[in-house]
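> Quick one, fold the following:
(2 chains)
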2 protein chains.
Amino acid sequence: MTTPPPPTETVIGQVVAATDLPPTGSRPLVIALDAMGGDKAPDMVIRGVAIAHERYPDAHFLLFGQQQRLLPLLNRRSKLQQAITIVHTDDVIAGDQKPSVALRSQPHSSMRLAIRAVREGKAHAAISAGNTGALMALGKAVLGMLPGIRRPAIASLFPTMRGECVMLDLGANVESDASTLVQNAYLGDAFARALLGFTNPSIGLLNVGSEMQKGREDLKQAAQQLQDDPDPLHFTGFIEGDDITAGTVDVVVTDGFTGNIALKTAEGTARLYSSFLKQTLKNSLSAKIGYLFARHAFRGLRLRLDPRHYNGAVLLGLKGILVKSHGGTDAVGFANAIGVGVDMVRHGFIERVRHHFEPATDPTA
Amino acid sequence: MTTPPPPTETVIGQVVAATDLPPTGSRPLVIALDAMGGDKAPDMVIRGVAIAHERYPDAHFLLFGQQQRLLPLLNRRSKLQQAITIVHTDDVIAGDQKPSVALRSQPHSSMRLAIRAVREGKAHAAISAGNTGALMALGKAVLGMLPGIRRPAIASLFPTMRGECVMLDLGANVESDASTLVQNAYLGDAFARALLGFTNPSIGLLNVGSEMQKGREDLKQAAQQLQDDPDPLHFTGFIEGDDITAGTVDVVVTDGFTGNIALKTAEGTARLYSSFLKQTLKNSLSAKIGYLFARHAFRGLRLRLDPRHYNGAVLLGLKGILVKSHGGTDAVGFANAIGVGVDMVRHGFIERVRHHFEPATDPTA
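Now for the predicted structure:
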């Protein structure tokens, strides 16, 4: 793939052209942001960056997007301005744009330029709340896959009774086969080591029963391969849907179709529970009084189950760190997605995966 | 398949041999129960029947199982004894028994005799909390499939923001193809009409996105077939995992693998939320005081989300009503599973499905 010509930008104040961006060099943390991706962008992005700036004062943020919309949002944020460089581009990938069009006909989209900054060594990670399909296609095309990895996977953290677990694939590939599942197991292992600091994370394959004769053929084959591997993971066998939140394993491995359904079903169920709880506490005078006494505790509960806390899914298997924020998120959620990117940079995730994968797990080697 | 010889039982008090059972005749409601199925059987079953007896005083219950274990449990329940006939058999299908063994080598299991009572017109419905695989195999072998239906599906009700929806298949078939999905749509339509009283239930296909170009091939084909059908259902298109609890549609159609994962993930998430809520309310003195005031309201919430309330999945597509209770359920849950069977009998479900299916939906016709 040839690099498309750079967009023509004007440099105003802290606005620079993509081609003029310096390499990260000695700067410890440079994060590229697709400032135009997401239902509430760019306003949500700027407010998210402001939160992230408080949390990571040593990080520098590259904002890719329309300067005429971004600059006014930065007007009264003089502190934040120091931590930001705007890279102007007019082109934005629409939420309903076909990935193939985004890939072929939009060489200067804000999403693409953000990803390209990672490839060119001008940023350590890229974050976008835009079109998932386009992000996957651009991630693969611009960053490329790590050696030994055939297909990327989307991974995220998930709350459990025992803390947090990693689940993947959450939707990168809707077709499932044994070797992709095995690869997901290795990617999930590396992700859990890097992001949660586990030394030997336990890994389970999501199935409709825990007995080894249950389920689809691809799952049985993947389980066999994981058991036979000479460099084995801590694979514990099949788990079921309720094991995800039970925290039975540290890494839940599944195909992109099943993982996407499980993730969204869990989100929907949490929303249902929360809505029923709210209604319950308005049911009677004594319930309302009870709520007044317990409202601080409820705030804690809300925070603990806040989906924004788990915002930030990572496209694993690429030669760079690319984080997908939920499209409908707000500033807090977007700041958390930035945090996921920061964690992965700080833990040297790419080097770990590279090291982990190259010697052992290329199934075609 | 030939009918195996009847078991040799002694007739003591209200204990009769399977062969001596009278036809249902004019009795409005006869329910056959596998008294030995489930983790806490038979104690849980007897207590469940006691609850069901209060709810359905006109129902008569046939209890299939070991009389030496059942009779002592009925000792002080003189009122209940009137509503019960025990059909003794020593053979019980273990929870981990292979379905093929249960099918071929256990001709007098309590589960099989209960199902056979339905086939022979001696009961209107059968309920079991035993081994799911065995129940499916025996259901198909003993009752047979309704004309025009190739594969059974497991369906259950699910709580939503707007009330309840039907979801199927929850695990009868782990492989997915377009014609089975289409069939599930028709079965779910009939189930929602019979059990929830909907006149034209809306139907959605579970997928990873709502756009028609998204997802797996079998789903796209099924959607096309449902749209092209000359006798159409109220098919609204693809839905996502969070649409289940949002109540976007009345009937959620999916394959048995995905449905099983979604169901158990939802159960696990509800359990997680509930556990976090409990911890929250013990966090501080004011939270504890709040709980005291709101405890009645919380009881309502617990009841509303009580998984026992949704216990009782139905094997659709058979020539008789067969209800699967959760194996780990208690008496309240088992009574609710009996209630599902009662509702289906009262609404003439089998006749409805027969009527619905025969003219329109045999995809091989």
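> so who does A:Thr265 touch?
A:Thr265 is in contact with B:Gly241, B:Asp242, B:Ile244, B:Thr245, B:Ala262, B:Thr265, B:Ala266, B:Thr269, counting by C-beta atoms under 8 Å, 6 or more residues apart in numbering or on different chains. For the C-beta atoms, the positions are set from N, CA and C on the backbone; glycine is no exception.
> If we use 10 Å, what do you get?
Contacts for A:Thr265 (C-beta atoms under 10 Å, 6 or more residues apart in numbering or on different chains) come out as A:241, B:206, B:240-245, B:252, B:258, B:261-266, B:268-269.
> just A:Lys214 next, same as before
Neighbours of A:Lys214 in contact, by C-beta under 10 Å, 6+ apart: A:Asn207, A:Val208, A:Lys220, A:Phe238, A:Glu240, B:Gly133, B:Gly171, B:Val174.
> Provide the secondary structure category for it.
At A:Lys214 the chain is in coil, as set by DSSP: H, G, I helix; E, B strand; the rest coil.
> Give me the pLDDT value at it.
Per-residue pLDDT puts A:Lys214 at 80.
> Look up how far A:Val15 lies from the closest residue to A:Thr329 other than its chain neighbours.
Nearest non-adjacent residue to A:Thr329, counting by C-beta to C-beta, 6 or more residues apart in numbering or on different chains: A:Asn311, 5.2 Å away. According to C-beta to C-beta, to the nearest Å, A:Asn311 and A:Val15 sit 28 Å apart.
> Those two - which one has more neighbours?
Higher neighbour count among A:Asn311 and A:Val15: A:Asn311, with 27 against 17, using other C-beta atoms under 10 Å in any protein chain shown.
> Helices - which of the contacts of A:Thr265 land there?
A:241, B:241-245, B:258, B:261-266, B:268-269 (DSSP state H).
> Filter those down to the buried ones.
Buried members of these, counted by 16 or more other C-beta atoms under 10 Å in any protein chain shown: A:241, B:241-245, B:258, B:261-266, B:268-269.
> from those, which is closest to B:Ser156?
The nearest member of those to B:Ser156, counting by C-beta to C-beta, is B:Leu263 at 7.3 Å.
> Just to check, that closest one is in contact with B:Phe158?
Yes - the criterion here is C-beta atoms under 10 Å, and B:Leu263 meets it with B:Phe158 at 7.8 Å.
> shared neighbours of those two, anything?
Counting by C-beta under 10 Å, 6+ apart, the contacts common to B:Leu263 and B:Phe158 are B:Met167, B:Leu170, B:Ile244, B:Tyr310.
> Can I take it that A:Phe238 is in a helix?
No - counting by three-state DSSP, A:Phe238 is not part of a helix but strand.
> Is A:Leu315 part of a helix or strand, or is it coil?
Secondary structure, three-state DSSP: A:Leu315 is strand.
> What's the separation between it and A:Arg352?
Separation of A:Leu315 from A:Arg352 (C-beta to C-beta): 16 Å.
> Compare neighbour counts for those two and give me the winner.
Between A:Leu315 and A:Arg352, A:Leu315 has the larger neighbour count (other C-beta under 10 Å), namely 23 against 16.
> wait, doesn't the more buried one sit right on A:Ile149?
No - with contact defined as C-beta under 10 Å, A:Leu315 does not reach A:Ile149; the gap is 11.2 Å.
> in the stretch 101-250 of chain A, which spans are helices?
Here the stretch 101-250 of chain A has its helices, by DSSP state H, counting those that start in this stretch, at A:110-119, A:132-138, A:178-196, A:217-228, A:241-246.
> So which of these is nearest chain B?
Closest to chain B of the helices of the stretch 101-250 of chain A, according to C-beta to the nearest C-beta: helix A:241-246, at 2.8 Å.
> and A:Asn260, what is it in contact with?
A:154, A:169-172, A:174, A:254, B:207-209, B:215, B:240-241, B:258.
> swap in A:Ser128?
Each residue near A:Ser128 by C-beta under 10 Å, 6+ apart is listed here: A:32-38, A:41, A:45, A:64, A:93, A:110-112, A:114-115, A:134-135, A:138-139, A:322-325, A:327, A:334, A:337.
> Looking at those residues, which are in strands?
Of the positions in the contacts of A:Ser128, A:Ala32, A:Leu33, A:Asp34, A:Phe64, A:Leu322, A:Val323, A:Lys324 sit in strands, assigned by DSSP state E.
> right, and the pair among these with maximum separation?
Across these, no pair lies farther apart than A:Phe64 and A:Lys324, at 15.5 Å, counting by C-beta to C-beta.
> Mind checking which of these two has more residues around it?
Neighbours were counted for A:Phe64 and for A:Lys324 using other C-beta under 10 Å; A:Phe64 has more, 33 against 28.
> Show the model's pLDDT score for that one.
The model reports A:Phe64 with a pLDDT of 97.
> and what of A:Pro23?
85.
> where's it, which helix or strand?
For A:Pro23, there is no host helix or strand (DSSP states H and E).
> shouldn't A:Gly259 be in contact with A:Val253?
Yes - using C-beta under 10 Å, A:Gly259 is in contact with A:Val253, at 8.7 Å.
> can you list residues touching both of those two?
With C-beta under 10 Å, 6+ apart as the test, A:Gly259 and A:Val253 both reach A:Ala153, A:Ala155, A:Met167, A:Leu168, A:Asp169, A:Asn184, A:Leu206.
> so can I have a markdown table of the residues you listed showing pLDDT and neighbour count?
Below are the shared contacts of A:Gly259 and A:Val253 laid out as a markdown table (pLDDT from 0 to 100; neighbours: other C-beta atoms under 10 Å in any protein chain shown):
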| residue | pLDDT | neighbour count |
| --- | --- | --- |
| A:Ala153 | 94 | 28 |
| A:Ala155 | 95 | 29 |
| A:Met167 | 97 | 25 |
| A:Leu168 | 96 | 28 |
| A:Asp169 | 95 | 30 |
| A:Asn184 | 94 | 34 |
| A:Leu206 | 97 | 26 |
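> Please flag which of those residues sit within strands.
The members of the shared contacts of A:Gly259 and A:Val253 that map onto strands under DSSP E are A:Ala153, A:Ala155, A:Met167, A:Leu168, A:Leu206.
> which one of those residues sits closest to chain B?
Set against chain B, the nearest of these by C-beta to the nearest C-beta is A:Leu206 (6.3 Å).
> Would you check how far apart the closest one and B:Gln106 are?
A:Leu206 is 31 Å from B:Gln106, where distance means C-beta to C-beta.
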